[in-house]
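# Quick one: sequence and predicted model below, then my questions.
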Amino acid sequence: MQPLAPEERNRAFTSTKKPEVIQRQRLGVRYHAEDFAVAERPRRFIEAFAAILKHTNYRLALDHYVRVSAKCSRCTVHCQVYAATKDERDIPCYRSELLLWVYRRHFTLAGILRARVLGEPGLTDERVQEMADAFYNCTACRRCYLQCPMGIDHGLLTHLGRYILSEIGIAPRALVVSTREQLTGASGNTSAIPVPALLDGLEFLSEEMQEEKGIEIPFPMDQEGAEYLFLPAVSDFIMEADTLMGNAAVFRATGDSWTIGTKYYDGINYGLFYSDHVLEHVLQKVQAEAQRLKVRKILIGECGHASRAAKYFYPTYCGGRDALPVVNFIEYTHRVWKEGRLKLAPEVITGRVTYHDPCNIARPGWIVEQPRELLKAFCRDYVEMTPNRRENICCGGGGGTVSIDEIRPFRTLVGGRQKADQIRATGAKYCVAPCANCKKQLRELAEEHHIDCQIVGLHDLLYKAIVFQ
């Protein structure tokens, strides 16, 4: 799909009717699909749903959700997609009810008996397709969860719906292709970066840092017994050189031991977006590399979903209470700065700076104040977006949708419209977004909405402020 022309974009913003780009989005996602008849999809969906209920604990949540009201629509006030479309299909509780209806109708005694007595039809292919479209309109930012009076986690239901669909071969092709390369491809990572290219790129960055800073700043490779195994979003190795240099500079300043493994070096885990099987297998690859190198902790780079996937699910799939600790790089940098082991030159950054909270690390209240304290230590003019912190507005590309390039017009003109307005209102020269997916989406927003603001990582700016002793 091509970006909208300026006049078409203006109509999308000013029209009181549903913008054409919304309908184009609904028809534009290229789904991976297994080779079976469309008529078989409802049966296969129910079989996959039954298997997931048997082997997981999703039933506990579903049994609660079907007993409470999921139709009050208070969640609409926090949904940026609905705010742009005004389409009932984008109301979070409407979308959740699509899946809850299937559970109620096919997996509860009351639903089964009611269907027999009243002759209610079961799941149809039209409803399966509606779920596929609805679940991938959602950014899974979970902002609506904060407003639900019954505590229904619509983000969880979106994930479960995507998981079931993926089990019958329905998932965006972009996610499937990337995870296949990560799990079974020759490179073993989502960006298909081979080891020689990785080593050459990091050697070049070390040389550049030595020229700029006058000291050697290495990227340790395959160092057994290091304290930290560093796993950034693998796309950082080809797209975020400044972030990586900031990461390496922090370790050079503190002297702590860290390493990058050549057997596995991708923090991305798209399983969080659509498949628990993928989520588990990727984390097992992390575990295997950690065991090979005998590290003591896992350090995730500036990536929201990679951090959440490892922090909350690595113990589930890789050792429980005995699992290695998972640390986000911002946590590490903030801690060593508070301990006095990292010196930052004050007011090095003179342009106005604002901060975007990535949903996956801010919504649970995990990483909220740490980056703000760091930025205020060396930025002269720091301003906040409104709202912020746990109630931040999603970049518009969450839940893996940023990887689906064919829906870029929808992401930038609909899902990300409120975020673009937020950034513009700050007048900031730099917008710090410590997440690989957020950076991609926000840069596309800045381009589409003609916002004069540079999207950077936290460690991009930290690199300019670190004082080496």
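Noted; the coordinates are in hand.
# quick one: contacts of stretch 129-137?
25-26, 29, 31, 81, 89-90, 94-95, 98-99, 158, 161-162, 165, 170, 172, 399, 401, 404, 407, 410 (CB atoms under 8 Å, 6 or more residues apart in numbering). Just so you know, the C-beta spots here come from the backbone N, C-alpha and C atoms, and that holds for glycine as well.
# List the ones among those that fall in helices.
Residues from those lying in helices, with DSSP state H as the criterion: Gln25, Arg26, Val81, Tyr94, Arg95, Leu98, Leu99, Thr158, Gly161, Arg162, Leu165, Phe410.
# Can you give the domain ranges for the chain?
Recorded structural domains for the chain (assignment: automatic domain parsing) are 34-169, 175-336, 342-467.
# and after the helix or strand containing Arg114, which helix or strand comes next?
Secondary-structure assignment from DSSP states H and E places Arg114 in helix 109-118. Downstream of helix 109-118, the next assigned helix or strand under DSSP H and E is helix 125-135.
# which parts of that next one are buried?
Neighbour-count burial for helix 125-135, counted by 16 or more other CB atoms under 10 Å, picks out Arg127, Val128, Met131, Ala132, Ala134, Phe135.
# same deal with stretch 432-447?
Within stretch 432-447, the residues scored as buried using 16+ other CB under 10 Å are 432-446.
# Of the residues you listed, just say which sits nearest to Asn328.
Pro434 (8.5 Å; CB to CB).
# how many other residues sit next to Ala425?
Using other CB atoms under 10 Å, the number of residues around Ala425 comes to 12.
# Contact partners for it?
Under the criterion of CB under 8 Å, 6+ apart, the neighbours of Ala425 are Met385, Thr386.
# On the three-state scheme, it is what?
Using DSSP: H, G, I helix; E, B strand; the rest coil, the three-state assignment for Ala425 comes out as helix.
# how close does it get to Ala323?
When CB to CB, to the nearest Å is the yardstick, Ala425 and Ala323 sit 42 Å from each other.
# same check, this time on Leu462
For Leu462, the distance to Ala323 (CB to CB) stands at 29 Å.
# The two: which has the busier surroundings?
For the pair Leu462 and Ala323, the greater number of neighbours falls to Leu462 (30 against 18), based on other CB under 10 Å.
# And the more buried one, which helix or strand is it part of?
Mapping Leu462 onto the secondary structure by DSSP H and E places it in helix 458-465.
# can I have that helix written out in CSV, keeping just the CAs?
C-alpha atoms of helix 458-465 as CSV (Å, rounded to 0.1, in the frame of the first residue of the first chain):
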residue,chain,number,x,y,z
LEU,A,458,18.0,7.2,25.7
HIS,A,459,21.5,5.9,25.3
ASP,A,460,21.9,8.0,22.1
LEU,A,461,21.9,11.1,24.2
LEU,A,462,23.7,9.5,27.1
TYR,A,463,26.6,8.8,24.8
LYS,A,464,27.1,12.5,24.4
ALA,A,465,27.0,13.1,28.2
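# tell me which residues in that helix are buried?
When neighbours are counted by 16+ other CB under 10 Å, the buried residues of helix 458-465 are found to be Leu458, His459, Asp460, Leu461, Leu462, Tyr463, Ala465.
# which residues touch the first one?
Meaning Leu458. Under the criterion of CB under 8 Å, 6+ apart, the contact partners of Leu458 comprise Gly246, Glu302, Ile330, Thr333, Pro371, Leu374, Leu375, Val432, Pro434.
# most surrounded residue in those residues?
Neighbour counts for these, by other CB under 10 Å, peak at Glu302, which reaches 32 neighbours.
# Now do the nearest residue to it once chain neighbours are set aside against Phe237, distance only.
Counting by CB to CB, 6 or more residues apart in numbering, Pro434 is the residue found nearest to Glu302 once chain neighbours are left out, at 4.1 Å. When CB to CB is the yardstick, Pro434 and Phe237 sit 17 Å from each other.
# and the residue nearest to Glu302, what helix or strand is that in?
Secondary-structure assignment from DSSP H and E places Pro434 in no helical or strand segment.
# close enough to count as contact, it and Pro371?
Yes. At 6.4 Å, Pro434 counts as touching Pro371 under the criterion of CB atoms under 8 Å.
# Give me the common contacts of those two.
Common neighbours of Pro434 and Pro371 (criterion: CB under 8 Å, 6+ apart): Ile330, Leu458.
# returning to what we had before: so which of the buried residues of helix 125-135 comes closest to Val278?
Among the buried residues of helix 125-135, Phe135 lies closest to Val278 (CB to CB), at 15.9 Å.
# so what pLDDT did that closest one get?
Note on Phe135: pLDDT of 91.
# Does the residue most central in space within the chain belong to a helix, a strand or coil?
Relative to the mean C-alpha position of the chain, the nearest C-alpha, by CA atoms, centre = their mean, is the one of His305, at 3.8 Å. Judged by three-state DSSP, the three-state class of His305 is helix.
# Do I have it right that it meets Gly271?
No. His305 sits out of contact with Gly271 when judged by CB under 8 Å, with a separation of 9.7 Å.
# Excluding chain neighbours, give the residue nearest to Asp256 in space.
Counting by CB to CB, 6+ apart, Asp256 lies nearest to Glu227, which is 6.0 Å off, once chain neighbours are set aside.
# who are the neighbours in contact with that neighbour?
Counting by CB under 8 Å, 6+ apart, Glu227 has contacts Asp256, Ser257, Trp258, Val295, Arg296, Lys297.
# Strands - which of these land there?
The strands, defined by DSSP state E, take in Trp258, Lys297 from the contacts of Glu227.
# which pair in the ones in helices among the contacts of stretch 129-137 spans the largest distance?
Put simply, by CB to CB the two of those set farthest apart are Leu99 and Phe410, 21.7 Å from each other.
# who's more crowded, the two?
The residue with the greater number of neighbours, taking Leu99 and Phe410 and applying other CB under 10 Å, is Phe410; the counts read 28 against 22.
# measure the more buried one to Tyr136 for me?
When distance is defined by CB to CB, Phe410 is 10 Å away from Tyr136.
# Could you do Gln418 as well?
In this structure, Gln418 and Tyr136 are 19 Å apart, going by CB to CB.
# of these two, who's got more company?
Each of Gln418 and Tyr136 has its neighbours counted (other CB under 10 Å); Tyr136 has more, 29 against 16.
# Give me the phi and psi for that one.
According to degrees, to the nearest 10, the main-chain angles of Tyr136 amount to phi -100, psi 0.
# same check, this time on Tyr103
Listed backbone geometry of Tyr103 is phi -60, psi -50, with angles given as degrees, to the nearest 10.
# Now do Gly119 against Thr108, distance only.
Distance of Gly119 to Thr108, computed by CB to CB: 18 Å.
# more neighbours, these two?
Neighbours were tallied for Gly119 and for Thr108 using other CB under 10 Å; the higher tally belongs to Thr108 (15 against 7).
# Please name the residues that touch the more buried one.
Under the criterion of CB under 8 Å, 6+ apart, the contact partners of Thr108 comprise Val66.
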